[in-house]
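Colleague: here is a sequence with its predicted model. Questions after.
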Amino acid sequence: MAAQDVKFRIERDTMGEVRVPADAYYGAQTQRAVDNFPVSGIRFPRVFIRALGLIKKYAAQVNKDLGLLDAQFARSIMTAADEVAAGKMDEQFVVDIFQTGSGTSTNMNANEVIATRANELLTGKRDARKPVHPNDHVNMGQSSNDVIPSAIHIAALTSITEDLIPALEILYESLRKKSEAFDSIIKIGRTHLQDAVPIRLGQEFSGYAHQVKLGIKRVQTVRGSLSELALGGTALGTGLNTHREFAPRVIDLISQETGCQFREAENRFEAQAAREAAVETSGALKTVAVSLVKIANDIRWLSSGPRCGLGEINIPALQPGSSIMPGKVNPVIPESVIQVAAHVIGNDMAITIGGQGGNFDLNVMLPVIAHNLLESIRILGSSAKIFAEKCINGITANEARCRAFIENSLAMCTALAPAIGHEKAAAIAKEAYTTGKTVREVAIEEKVLPEAQLKELLNPLKMT
C-alpha cells in the first residue's frame, strides 16, 4: 500500500495529538516511540510479550477482586491481555528495543494495545483511551519500573524451564549414550595437540556429557534469583499507588498459569535499581556456551578428513560443503553451535554492561538486557537440541583408524617408564621417531624387557 493510501486516526496523550494508523491497536505514546527510535528493527521476543500479557491480565483480575477496578472493564482487559499473551497481537508491538532505558515505551505499548482492544470489545470502536484507559485501568497498581523487570524474570525463567533445560537434557542424554556405546573403543589421547597416552573414546564422550550435566546444574541455580519479581514496587520500590495485597495475589496467579514458582522480591529497591539476577543468569548461559564450543570443536577435529585428517569418528553428512569442490562435506552442525556460542558470549558482555546501568533507583538498560538474555536462552536451547539430533546421535566410531593411531604413537612408551625408567623410555621414543618404527618394535629389538612383559605393558586397554 502506498504511503498516501494509509489511513490514520487521531490519538491523544498528555503531550497532545498524534496520528496513528487507523488499524493499529496502539496509541499515541507508542507512536511517539516508533517515531523516536527507528534504530534497529529489533523487537521484543514472543516470550517477553507473553509475560507482559500475563502481568496485565492478572493485574486486572486482582484489582477487580480488591474492588479497585470496574468488573466490566476488568473482564475486557483480561480478554485483551489474554490475546496478547497468546500471540494474537504480536504485530502491534512495534517499539524498537533500543528505546528508553526503563522500557516505558514498551509497557505503554502493551497498555495501549490492551486498552484499545478492551474498548473495541466494549464499544466496537478502536479507541486507546476510553472508556478503558491505558494508564488508569490497564496500568493500575503498576509502573514500567516494576513491570519490565518482572517481565524479564518471568520470560527468562519460563524459557529456561520450558525450552533450555529440556534441550540440554536431550544433548546430555545423547552424549551419555555415546559414551556407553564407545566404551570399548581405544584411541589415542591428545594434550597440547600432541599424542598422549591411550584413552577410551567412551571416556572422552563421558567428559562431554558431564560438561552438559554441570551446565544444566548451573542454569538451574539461577531459578531462585529469577523467581523474585519486582511487582508491587511501582516507581521506586516504595509501592506508591498500589494495594498491599496487589503484588502477592498477581504473582500467585502468574505462578499458577506458568507452572513456575514466583515470589515477591525480598527487597524491591534492589529489584528495580539492580539487575544482578540477569547478569548471574547470563553468566550461567555463557558457561554453557563455552562448554558447547569445547565439545563442538572436539567433534570437528575428531571427524576431520575424511582421509587426510584425524578421522577417528564419523558424523552425519547433511549437505554439500563446497560450491567448487565436488563431494566435500563439512561439519556444519558443530560450526553452527560454535557460532551460537560466540553470540551468547557477546550477549553476555552487553548484559554485563547493562547490569551496570543502575543509576540510583532504577536500571536504565532494561530493554537491551531483556533482548540479549532471552535471545541467549532461546538460541542456546535450539542449538543444543539440533546438536544432539542432527550430529551427536548419528556419530559412529572409526575403530580401525583409532587402533592405527595408538600403535604408531610415541606416547606408548609412557607405560614402560615404571619398569625401565623415564630416561630409557624417552630414548626408545626418540629412536622410534627417528627410524619410523613403533615403540613396540624398538623395545623388542633392544630387548629392554621380556616380550611377554612388553606385551602386557603395551596393552592399550590396560592404560585406560
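Modeller: It's in.

Colleague: residues making contact with the helix or strand containing residue 76?
Modeller: Per DSSP states H and E: residue 76 is located in helix 71-85. With contacts defined as C-beta atoms under 8 Å, 6 or more residues apart in numbering, helix 71-85 is touched by 49-50, 52-54, 56-57, 60-61, 63-64, 69, 89, 110, 113-115, 117-119, 121-122, 131-132, 137-138. For glycine as for every other residue, the C-beta is placed from the backbone atoms N, C-alpha and C.

Colleague: shaky segments in the stretch 1-150 of the chain?
Modeller: Counting by pLDDT under 70, the stretch 1-150 of the chain shows low-confidence ranges at 1-5.

Colleague: which SS class is residue 400?
Modeller: Assigned with DSSP: H, G, I helix; E, B strand; the rest coil, residue 400 falls in the helix class.

Colleague: next, count neighbours for it.
Modeller: The number of residues packed near residue 400 is 10, by other C-beta atoms under 10 Å.

Colleague: looking at the contacts of helix 71-85, which are in helices?
Modeller: Secondary structure of the contacts of helix 71-85 is defined by DSSP state H; positions in helices are 49-50, 52-54, 56-57, 60-61, 63-64, 110, 113-115, 117-119, 121-122.

Colleague: what's the spacing between residue 29 and residue 392?
Modeller: Computed as C-beta to C-beta, to the nearest Å, the residue 29 to residue 392 distance reads 49 Å.

Colleague: more neighbours: which of the two?
Modeller: Taking neighbours as other C-beta under 10 Å, residue 29 and residue 392 compare with residue 392 leading, 27 against 24.

Colleague: list the contacts of the closest residue to that one other than its chain neighbours.
Modeller: Nearest residue to residue 392, sequence neighbours excluded (C-beta to C-beta, 6 or more residues apart in numbering): residue 174, at 4.2 Å. When the contact criterion is C-beta under 8 Å, 6+ apart, the partners of residue 174 are 388-389, 392-393.

Colleague: who wins on neighbours among these?
Modeller: Neighbour counts for these were taken using other C-beta under 10 Å; the highest belongs to residue 392, which has 27 neighbours.

Colleague: isn't it right up against residue 171?
Modeller: Yes: between residue 392 and residue 171 a contact is recorded at 7.0 Å, counting by C-beta atoms under 8 Å.

Colleague: how near is the nearest residue to residue 399 once chain neighbours are set aside to residue 312?
Modeller: Take residue 399 and drop its neighbours on the chain: the residue closest to it by C-beta to C-beta, 6+ apart is residue 185, 5.7 Å away. Applying C-beta to C-beta, one obtains 9 Å for the distance of residue 185 from residue 312.

Colleague: overlap in contacts of these two?
Modeller: Common neighbours of residue 185 and residue 312 are listed as 201, 397, 402 (criterion: C-beta under 8 Å, 6+ apart).

Colleague: out of those, which one sits closest to residue 377?
Modeller: Distances from these to residue 377 were compared by C-beta to C-beta; the smallest belongs to residue 201, at 31.9 Å.

Colleague: nearest to residue 316, of the shared contacts of residue 185 and residue 312?
Modeller: Taking C-beta to C-beta as the measure, residue 397 is the one of these closest to residue 316, at 13.8 Å.

Colleague: now do the contacts for the closest residue to residue 420 other than its chain neighbours.
Modeller: Closest residue in space to residue 420, ignoring its immediate chain neighbours: residue 448 at 5.3 Å, by C-beta to C-beta, 6+ apart. Applying C-beta under 8 Å, 6+ apart to residue 448 gives the contacts 416, 420, 424, 428, 454.

Colleague: got CSV for these, with pLDDT, secondary structure and distance to residue 147 too?
Modeller: Written out in CSV, the entries for those read as follows (pLDDT from 0 to 100; DSSP: H, G, I helix; E, B strand; the rest coil; distance: C-beta to C-beta, whole Å):
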residue, pLDDT, secondary structure, distance to residue 147
416, 91, helix, 70
420, 93, helix, 73
424, 92, helix, 74
428, 93, helix, 72
454, 87, helix, 74
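
Colleague: helix, strand or coil for the residue nearest to residue 420?
Modeller: For residue 448, the assignment made with three-state DSSP gives coil.

Colleague: and it, how far is that from residue 262?
Modeller: Computed as C-beta to C-beta, the residue 448 to residue 262 distance reads 69 Å.

Colleague: isn't residue 377 up against residue 156?
Modeller: Yes: here residue 377 lies in contact with residue 156, judged by C-beta under 8 Å, at a distance of 6.4 Å.

Colleague: the stretch 251-400 of the chain: strands as residue ranges?
Modeller: Remark: strands assigned in the stretch 251-400 of the chain by DSSP state E, counting those that start in this stretch are 263-264, 313-314, 358-359, 362-363, 396-397.

Colleague: do the stretch 101-250 of the chain as well
Modeller: Shown for the stretch 101-250 of the chain, the strands assigned by DSSP E, counting those that start in this stretch span residues 186-191, 194-200, 228-229.

Colleague: and the longest helix along the chain, which residues are buried?
Modeller: Ordering each helix of the chain by length in residues (DSSP H) puts helix 276-302 first. Neighbour-count burial for helix 276-302, with 16 or more other C-beta atoms under 10 Å as criterion, is recorded at 277-282, 284-289, 291-293, 295-302.

Colleague: report the angle between that helix and strand 186-191.
Modeller: Using axes from the mean of the first three to the mean of the last three C-alpha atoms, to 10 degrees, the direction of helix 276-302 lies 120 degrees away from that of strand 186-191.

Colleague: which strands or helices does helix 276-302 pack on?
Modeller: Using 3 or more C-beta pairs under 8 Å, 6 or more residues apart in numbering; DSSP states H and E as the contact criterion, the neighbours of helix 276-302 among helices and strands are helix 144-159, helix 201-220, helix 223-226, helix 332-355, helix 366-390.

Colleague: just want the angle from the first one to helix 366-390.
Modeller: Between helix 144-159 and helix 366-390, the angle formed by their directions is 10 degrees, by the same axes, to 10 degrees.

Colleague: also the second one?
Modeller: With the same axes, to 10 degrees as the basis, helix 201-220 and helix 366-390 are set at 150 degrees to each other.

Colleague: re earlier: among the contacts of helix 71-85, which ones are buried?
Modeller: Looking at the contacts of helix 71-85 with 16+ other C-beta under 10 Å, the buried ones turn out to be 49-50, 52-54, 56-57, 60-61, 63-64, 69, 89, 110, 113-115, 117-119, 121-122, 132, 137-138.

Colleague: let's verify residue 33: helix, strand, or coil?
Modeller: Note that with three-state DSSP, the state of residue 33 is helix.

Colleague: what about the closest residue to it other than its chain neighbours, distance to residue 430?
Modeller: In this structure, residue 33 finds its nearest non-sequential neighbour in residue 105, 3.6 Å apart by C-beta to C-beta, 6+ apart. Computed as C-beta to C-beta, the residue 105 to residue 430 distance reads 71 Å.

Colleague: if anything else comes up later, I'll come back, but that's it for now.
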